[in-house]
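no letters, just coordinates:
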């Protein structure tokens, strides 16, 4: 089966080198190329490539943004990111954009050819452990944002919810009326984007490593 390839790089000499490399392969067909994001978004859909080889750093819109936008329009498209610089933040963004591979331009020709074949076959060149690390980082960022929305009093109540305490028990410990605790719980759920008390309990237990019980109640 022929692998249809599209090239995006703002340097003509790089695109020419990639085209010459790929065209030595009987099963490769370079169906198009672009020098910037706007050209890529216009030219890629009509050519229907199997793999888009995208430069990460471009003038204006980055190759990572192109990857995300192209995959939103063409879910079956595999994107292979090429870059001259090792950048953890760019790798993080590429994984979230749905890239199938992230390679440095120092890669040898035969290795790049092999990478394109593997990506075209549906494989990911990104280490699963690295993907897991990125997703953990994203989850941690989301959790930090949720915690930051809470007042100190609400954070204390969240910790107690994670310990399985009822509104009455929380009120007794914090010297608050049960109705006041109920209002605090309603407010912290709204701030955190949860609809149920149990969701907050699970979240807090995970993020604080607090023991969890089944004594949760509706508000």
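Thanks, I have the structure now. Computed from a predicted model, the values in this text were never measured in an experiment. Residues are numbered from 1 along each chain as shown.

pLDDT of stretch 56-66, averaged?
Rounded to a whole number, the mean pLDDT of stretch 56-66 is 90.

just give me the neighbour total for the nearest residue to residue 87 once chain neighbours are set aside.
Take residue 87 and drop its neighbours on the chain: the residue closest to it by Cβ to Cβ, 6 or more residues apart in numbering is residue 56, 7.7 Å away. C-beta coordinates here come from the backbone N, C-alpha and C atoms, glycine included. Neighbour count of residue 56, defined by other Cβ atoms under 10 Å: 25.

was I right to think residue 56 contacts residue 89?
No - the pair residue 56 / residue 89 is not scored as a contact, 10.8 Å apart, by Cβ atoms under 8 Å.

make sure residue 94 is indeed in a strand.
No - Residue 94 is assigned helix when assessed by DSSP: H, G, I helix; E, B strand; the rest coil, not a strand.

ok, it - contacts?
Contacts of residue 94 were listed using Cβ atoms under 8 Å, 6 or more residues apart in numbering, and they are 56, 64, 67, 81, 102.

again with residue 126
Taking Cβ under 8 Å, 6+ apart, we find residue 126 in contact with 95, 99-102.

quick one, phi/psi of residue 151?
Main-chain dihedrals, residue 151, degrees, to the nearest 10: phi -80, psi 160.

and it, how many neighbours does it have?
Residue 151 has 12 neighbours, counted by other Cβ under 10 Å.

what of the one 3 residues further on?
Neighbour count for residue 154, taken as other Cβ under 10 Å: 18.

how near is it to residue 146?
Separation of residue 154 from residue 146 (Cβ to Cβ, to the nearest Å): 11 Å.

what residues are up against the nearest residue to residue 177 once chain neighbours are set aside?
Distance criterion Cβ to Cβ, 6+ apart; nearest residue to residue 177, sequence neighbours excluded, is residue 171 at 6.1 Å. Residue 171 sits next to 177-178, 180-181 when contact means Cβ under 8 Å, 6+ apart.

neighbour-wise, which one of these leads?
Neighbour max across those (other Cβ under 10 Å) = residue 181, 24 neighbours.

please state the offset of the one helix or strand residue 14 maps to from the chain centre?
If you go by DSSP states H and E, residue 14 is part of helix 12-22. Put simply, helix 12-22 sits 30 Å off its chain's centre (Cα atoms, centre = their mean, to the nearest Å).

ok, the residue nearest the centre of the chain to residue 29 distance?
For the chain, residue 96 is the residue whose C-alpha lies nearest the centre (Cα atoms, centre = their mean; 2.2 Å). Counting by Cβ to Cβ, the separation of residue 96 from residue 29 is 30 Å.
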